[in-house]
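K.L.:
Give the three-dimensional model of this entry:
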Amino acid sequence: MRVFYALKTSNLKIDHNFYLKDFQLNFKTCGLAGAYDAILLDEGQDVNPVILSIFNQFRARKIMVGDRHQKIYGFRGAINAIENFAADQTLFRDYLDRLEELAERAMDMEIAACVKLIRRYGCDREFFQNLYEKALKNFHNGSNKYLGTAHSTKGLEFDTVKMADDFRSPRELLEQLFRDDPSLYRKYWNNCEEMVVLPRLELREVFSEMNDDLLKEEINLLYVGMTRAKEKIGIPWKYRIAPEYEIEVPKKLKDYNYIG
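P.N.:
Alright, predicted model coming up:
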């Protein structure tokens, strides 16, 4: 707080984080708490405490949207606000399944994308013209090849995506899980084959019930990267999961006497 007030009372340059925090601290005096009928907070799975505080101070109908599988900013202090959001009604986007089915039948991804835009924004020609011009400016580099991180490309889509091999693989994540949870290791250890064997469905359950938020975000990051692809995706072999997923027993874990 000393740094915050020093910035506020000096001629030093400030950034977006500063005036957002200043707005939060002075929110009650700005007269906006009751100015709106409804407030919508998007990306509710990745909200920093300052934004959440501002959102909660509005006296309006509150709507929160998000996908827990796309939470990837925990390293910046973001939290999953959806988990503790006391909602009167919860809506799941089941209708997307029907839209995706229609798009697959038509086999026309461009038309499906256009329909999605029109449903969201209406038929404002000026809006779509500006959107088109910005897209040309941002992505027309002559080669049609782009290098980006999973974080920076979140929300974007490409016809073809090639994943790099610097994500943590399911094998690496499971090995860390076993180090942290000996009981889980013992449950799946096969003494005869000197293997840890996990059927695919159980593997999904193990990952979904993890208590380590950072490990969950590693999986979410891989998911976000893969879902940028519209038509084709190149996935390094280490990310692929066979019907019967097997992991050799790490020697260090055996030395720790986790089995017994």
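K.L.:
what about the helices in the stretch 151-260 of the chain?
P.N.:
For the stretch 151-260 of the chain, the helices defined by DSSP state H, counting those that start in this stretch cover 170-180, 182-188, 200-208, 213-226, 251-255.
K.L.:
residues in contact with the closest residue to residue 167 other than its chain neighbours?
P.N.:
Spatially, and ignoring its direct neighbours in sequence, residue 167 is nearest to residue 222 (5.0 Å; Cβ to Cβ, 6 or more residues apart in numbering). Any C-beta I mention is one placed from the backbone N, CA and C, and that applies to glycine too. Neighbouring residues of residue 222 by Cβ atoms under 8 Å, 6 or more residues apart in numbering: 150, 167, 168, 239.
K.L.:
switch the cut-off to 10 Å
P.N.:
Applying Cβ atoms under 10 Å, 6 or more residues apart in numbering to residue 222 gives the contacts 72, 150, 163, 167, 168, 169, 170, 173, 235, 239.
K.L.:
cool, residue 167 as well?
P.N.:
With the criterion set at Cβ under 10 Å, 6+ apart, residue 167 makes contact with 150, 173, 218, 219, 221, 222, 225, 226, 236, 238, 239.
K.L.:
can you pick the most crowded of those residues?
P.N.:
Using other Cβ atoms under 10 Å as the neighbour test, the contacts of residue 167 are led by residue 225, with 23 neighbours.
K.L.:
contacting residues around it?
P.N.:
Residue 225 is in contact with 72, 148-151, 153-154, 161, 163-164, 167, 233, 235, 239, counting by Cβ under 10 Å, 6+ apart.
K.L.:
The same query, at a cut-off of 6 Å, please.
P.N.:
Shown in contact with residue 225 (Cβ atoms under 6 Å, 6 or more residues apart in numbering): 150, 163.
K.L.:
Report the separation between it and residue 153.
P.N.:
8 Å (Cβ to Cβ, to the nearest Å).
K.L.:
can you give me the strands in the stretch 1-150 of the chain?
P.N.:
38-41, 61-64 (DSSP state E, counting those that start in this stretch).
K.L.:
Quickly run through the sheet partners of the first one, with directions.
P.N.:
Using DSSP bridges, the neighbouring strands of strand 38-41 in the sheet come out as strand 61-64 (parallel).
K.L.:
related to what we said a few turns ago, state the pLDDT value of the residue nearest to residue 167.
P.N.:
pLDDT recorded at residue 222 is 83.
K.L.:
Report the separation between it and residue 147.
P.N.:
Distance, residue 222 to residue 147, by Cβ to Cβ: 18 Å.
K.L.:
The nearest residue to residue 81 once chain neighbours are set aside bridge partners, please.
P.N.:
Distances taken as Cβ to Cβ, 6+ apart put residue 47 closest to residue 81, at 4.4 Å, once the chain neighbours are dropped. Residue 47 has these beta-bridge partners by DSSP bridges: residue 79.
K.L.:
shouldn't residue 47 be in contact with residue 83?
P.N.:
No - the criterion here is Cβ atoms under 6 Å, and residue 47 misses it with residue 83 at 10.9 Å.
K.L.:
anything in contact with each of those two?
P.N.:
Joint contacts of residue 47 and residue 83 (Cβ under 6 Å, 6+ apart) do not exist.
K.L.:
since we're on residue 178, how many residues are nearby?
P.N.:
Close neighbours of residue 178, defined as other Cβ under 10 Å, add up to 23.
K.L.:
pLDDT value on it, please?
P.N.:
On pLDDT, residue 178 comes in at 72.
K.L.:
And the one 10 residues further on, by the same measure?
P.N.:
With respect to pLDDT, residue 188 has a value of 65.
K.L.:
Please apply the same query to residue 199.
P.N.:
59.
K.L.:
Show me what residue 232 is bridged to.
P.N.:
Residues in beta-bridge contact with residue 232 (DSSP bridges): residue 160.
K.L.:
ok, it touching residue 161?
P.N.:
No - between residue 232 and residue 161 there is no contact under Cβ under 6 Å: 7.5 Å.
K.L.:
between these two, which one's more packed in?
P.N.:
Set residue 232 next to residue 161 and count neighbours by other Cβ under 10 Å: residue 161 wins out with 21 against 10.
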